[in-house]
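In: A predicted structure for the sequence below; I have some questions about it.
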Amino acid sequence: MRRRTFLTGLGALGTVGLVGCGSKSKDEYVADPGSLQVYSAQHENLTKAWAAAFTAATGIKVQVRKGGDSSMGHQLVAEGAASPADVFLTENSPAMTLVERNKLLAPLEDATRRQVPPELTPSSKAWTAIAARSTVLVYNPSKLPKAELPKSLLDLAAPQWKDRWACAPGGADFQAIVAGMLAGQGEQKTKDWLGGLKSNARALQNNIATMKAVNAGEIPCGVIYHYYWYRDQAGTKEGSGNTALHYFRNRDPGAFVSLSGGAVLAGSKKPAEARKFLAYITSPAGQKVLVDSQSMEYAVGTGVASAPALPPLATLQAPPVDPFTLNSDKVTTLMTDAGIL
Amino acid sequence: MPAFSDLDNRSARRPWLVVVAAVAVAVLVVAPVLVVFGQAVSAGTAEAGRLLFRPRTAELLGNTLLLVVLTVPVTVLLGCGAAWLVERTTLPAAGLWRTLLLAPLAIPAFVSSYAWTSVLPSVHGLGGAVFVTSLAYYPFVFLPAAALLRALDQGHLDAARSLGLSGLGTMLRVVVPLQRPAVAGGALLVALHLLAEFGVLQMMQYPTFTTAILQQFAVGFSNAAGSLLAAVLVLLCLGFLAIEVPLRGRARIARLGPGAGLRPVAHRLGGWTVPALGAVAVLAGLSVLVPAVIVLRWLVRAADSGVIEAGPLLAATGSSIGLAVLAGLAATLAALPGAWLLHRYPSRLAVGLERVTYVASALPGVVIGLALVTLAVQWARPVYQTAALAVAAYTVLFLPRAMVAWRSGLAAAPTELVEASRSLGVSGSGTFTRVVLPLVLPSALTGFVLVFLATVTELTATLLLAPTGTETLATAFWSASDELDYVASAPYAAAMIALSAPLTLLLRRHILDQR
């Protein structure tokens, strides 16, 4: 009796298993050599929208491997020249410069480079900006009146801000902001500020958790990127209805604008298709896909307007930081030494 | 058990092919641990010392140990108390409570954590972590405690009472020593799960070694800092394994000689019936019903707002089932040589090989995942980012489940039957397929199912090893819930619970079979 029960169970499981395997094409389990391999740390929705529009326009199939900025950057370095990746897309520039420093990027085509303003491509011409995002302070006006807002991001290290702000220090987004501070303010000031962060800030898992904690009144304010707030405002406002944004401006480290990068890998087995992909996403058509994707990131293509809800990029008074020298490894070391990582 | 020296005389006839297979499996299982230590010292001793001896490591160590020290006693109390009420008293509807109290095993801990934070965002930190993990893990103690209490021989208790022991004395001198090994084993399982837990603690914003290792992975892929933390975690695991041995105790209480075992007499609850019912109801409610109802509520909202996309949900279900079937088969096959060797040719070698698999499997998924990524990138590029590597990780992680199942199955196929078959002229392999296999198949299936279900809810190794383009139920749930998108994560949570539910029924049998 018992054995029969088990055998029935086995039969059922076997059937389920076969159905499960049968419903999937084999190429979902391995990199499909017929498709362009895109390693993307960018938002899944945006990457998917770009890939679908590109395939529709060119007939070239695209397979996306998801990941985070830093881990994917280091992964590409570990994989070296034999990496299956053809294209790398990041959310922030430090991961891209890491791959660039390891000489794993192919040179950018001139035509692609000319699709974005000259200040958004590195002098090495190894990669290009594909989108941009701005640092903001999200605050809950019932917990933190507008008059008491900090003048500078650096103020948040002062003792009166103890337990009054949150951020997501484990994420590449925040680490890019620290990299911007390191480039603009120098090592000692950054070190001191990180010490203040360790004692003052509540570390949350990501930007959304930070925004929602501020919205719920658990903490007065938090450092995030702008688009999480605009995305929520465009939707249900469930996670941001009780909050407002404060832009630091004045070339403050808190007004840092981070560039998302795109590049073709030197070891790509499909260099022509990879170059085509990068040219497409920075073209007016590709940048329009970004604007329409509701990702609320800034478009960077020449002559392409970002989503109307956003204050224009030029009005943000970002600090004059060269995005191509941002050093993520140094930031990791400083944050590890400060006991944050 | 005869002395090993006697047994070793038989080793001359040990089939070398089986030995080679068993050794190969043990090597596969140990390789990740060696990689972690190798990677950890690769930075050089000075750098390793700088990364290891810093306040952050002490903070993580303190957090991790505090969580274990608080949660394990709570799970032991809840598990033993509930087991006693269900199996040894006149508690009404015991069968229902037995099923309900095992059901938390069907709800992955990170799903119940998601359920609680979605309605009570203020539940976080140490308190929240202890609350959620205690409710999720007490069945690890409840299961063995209930099985043993059910198997308890009333003869022992009567004898103790007739020799003048009080009721309490009988409890302390007979029942507790009998329970000790099983409860210690359950507590060890809870402790090891706490060391490996990622999802719950990330949601509860409570950093431990495992969350810090994943954070280091996010920052630096497989860097020395992450591997060093992992090496410390390995040592912690080994420490817990060592502590558990003396906790088991050496007392042996067994029924000797023939005679019928007496069914235990249920303790009359009388006026305590209502409070006892209230206690088990609160426990079952908090650990199963509340999380399940919350998931269901989010699922209804997801259906109403039309965010459930059948395509991705089916694809993730298919990937989860596909990987779980492969892992179940691989682990069941990999466990066979070792279990067979231990059954037919017990020796120091066989016992040693078995222990090795246990030690490596006590490690968190993230450590195994990290090590296999490093191994594959450097030495086994063709399997990198393929399902094969993920299946290898699951095999390493869940091998003991298959091993335990094989062993209990092989015990049902005694050597005498094999010898009878051989004396009738059937070949060795013929005996295996015609005599042994039919007898052990049910147990092997149990092992397969246990590995299958563990794979479906595995998160951390899957996050590192899933092939490009593959989303499993666990990783799809995680990417939605990590953005606190409770609606979008609900269908994946519900699918995992639906796939895991059979586990409860299977384990219920395990208790009921004690009679």
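Out: In hand now; what should we look at?
In: can you give me phi and psi for residue A:40?
Out: phi -130, psi 120 (degrees, to the nearest 10).
In: what is the burial count for it?
Out: Residues contacting residue A:40 under the criterion other CB atoms under 10 Å in any protein chain shown number 24. Heads up, the C-betas are built off the backbone N, CA and C, glycines and all.
In: name all residues that make contact with residue 215.
Out: Because you didn't say which chain, this covers chain A. Contacts for residue A:215 (CB atoms under 8 Å, 6 or more residues apart in numbering or on different chains) come out as A:140, A:239-243.
In: you looked at the wrong chain, it should be chain B
Out: A:170, A:341, B:207.
In: what about those, which one has the most neighbours?
Out: Compared across the contacts of residue B:215, residue A:170 has the highest neighbour count, 26 neighbours, by other CB under 10 Å.
In: now do the strands in the stretch 101-250 of chain A.
Out: Assigned by DSSP state E, counting those that start in this stretch, the strands in the stretch 101-250 of chain A fall at A:128-139, A:165-167, A:201-203, A:221-225, A:244-246.
In: the helix or strand hosting residue B:352 - contacts with which helices or strands?
Out: Per DSSP states H and E, residue B:352 falls inside helix B:348-361. With contacts taken as 3 or more CB pairs under 8 Å, 6 or more residues apart in numbering or on different chains; DSSP states H and E, helix B:348-361 sits against helix B:16-41, helix B:224-248, helix B:310-344, helix B:387-411.
In: can you tell me the closest non-neighbouring residue to the residue nearest to the spatial centre of chain B?
Out: In chain B, the residue lying closest to the centroid (CA atoms, centre = their mean) is residue B:189, at 6.5 Å. Leaving aside its sequence neighbours, residue B:189 sits nearest to residue B:140 (CB to CB, 6 or more residues apart in numbering or on different chains; 4.4 Å).
In: so what's the one you found up against?
Out: Here residue B:140 is in contact with B:75, B:79, B:186, B:189-190, B:193 (criterion: CB under 8 Å, 6+ apart).
In: try it again with 6 Å
Out: B:186, B:189-190 (CB atoms under 6 Å, 6 or more residues apart in numbering or on different chains).
In: contact residues of chain B facing chain A?
Out: Residues of chain B lying close to chain A by CB under 6 Å from any CB of the partner chain are B:55-56, B:121, B:202, B:215, B:217-221, B:318, B:321-322, B:325, B:377, B:386-387, B:442, B:445, B:467-470, B:483-484.
In: okay, and the helix or strand of chain A with the least pLDDT?
Out: One helix or strand of chain A scores below all others by mean pLDDT, DSSP states H and E: helix A:2-22, with a mean of 45.
In: returning to what we had before: just put the strands of the stretch 101-250 of chain A in a markdown table and tack on mean neighbour count.
Out: Shown next, in a markdown table, are these (neighbours: other CB atoms under 10 Å in any protein chain shown):
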| stretch | mean neighbour count |
| --- | --- |
| strand A:128-139 | 25 |
| strand A:165-167 | 25 |
| strand A:201-203 | 20 |
| strand A:221-225 | 27 |
| strand A:244-246 | 16 |
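In: what ranges do the helices span in chain A?
Out: For chain A, the helices defined by DSSP state H cover A:2-22, A:44-58, A:69-79, A:93-101, A:110-113, A:172-185, A:187-200, A:207-215, A:226-234, A:271-282, A:284-292, A:328-337.
In: where does the stretch 401-515 of chain B dip in pLDDT?
Out: Where the stretch 401-515 of chain B drops to pLDDT under 70, the residues are B:510, B:514-515.
In: rewinding a little: worst average pLDDT in the strands of the stretch 101-250 of chain A?
Out: Of all those, mean pLDDT reaches its minimum on strand A:201-203 (a mean of 93).
In: which strands and helices sit next to it?
Out: Secondary-structure packing of strand A:201-203 (3 or more CB pairs under 6 Å, 6 or more residues apart in numbering or on different chains; DSSP states H and E): strand A:165-167.
In: pull the residues that contact the strand it packs on.
Out: A:156, A:174, A:201-202, A:204, A:210, A:213, A:219, A:221-223.
In: rerun at 7 Å
Out: Here strand A:165-167 makes contact (CB atoms under 7 Å, 6 or more residues apart in numbering or on different chains) with A:156, A:174, A:200-202, A:204, A:210, A:213-214, A:219-223.
In: buried residues, stretch A:280-292. List them.
Out: Within stretch A:280-292, the residues that count as buried by 16 or more other CB atoms under 10 Å in any protein chain shown are A:280-283, A:286-287, A:289-291.
In: and that stretch, average pLDDT?
Out: The average pLDDT for stretch A:280-292 rounds to 96.
In: CA atoms only: put it into PDB for me.
Out: Only the C-alpha atoms of stretch A:280-292 are listed here, as PDB (Å, rounded to 0.1, in the frame of the first residue of the first chain):
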ATOM      1  CA  TYR A 280      20.600  51.700 -31.300                       C
ATOM      2  CA  ILE A 281      20.000  52.400 -27.500                       C
ATOM      3  CA  THR A 282      21.800  55.800 -27.700                       C
ATOM      4  CA  SER A 283      19.900  56.800 -30.900                       C
ATOM      5  CA  PRO A 284      16.900  59.000 -30.700                       C
ATOM      6  CA  ALA A 285      14.600  55.900 -31.200                       C
ATOM      7  CA  GLY A 286      16.400  54.000 -28.400                       C
ATOM      8  CA  GLN A 287      16.400  57.000 -26.100                       C
ATOM      9  CA  LYS A 288      12.700  57.300 -26.700                       C
ATOM     10  CA  VAL A 289      12.200  53.700 -25.600                       C
ATOM     11  CA  LEU A 290      13.900  54.800 -22.300                       C
ATOM     12  CA  VAL A 291      11.600  57.700 -21.900                       C
ATOM     13  CA  ASP A 292       8.500  55.600 -22.700                       C
END
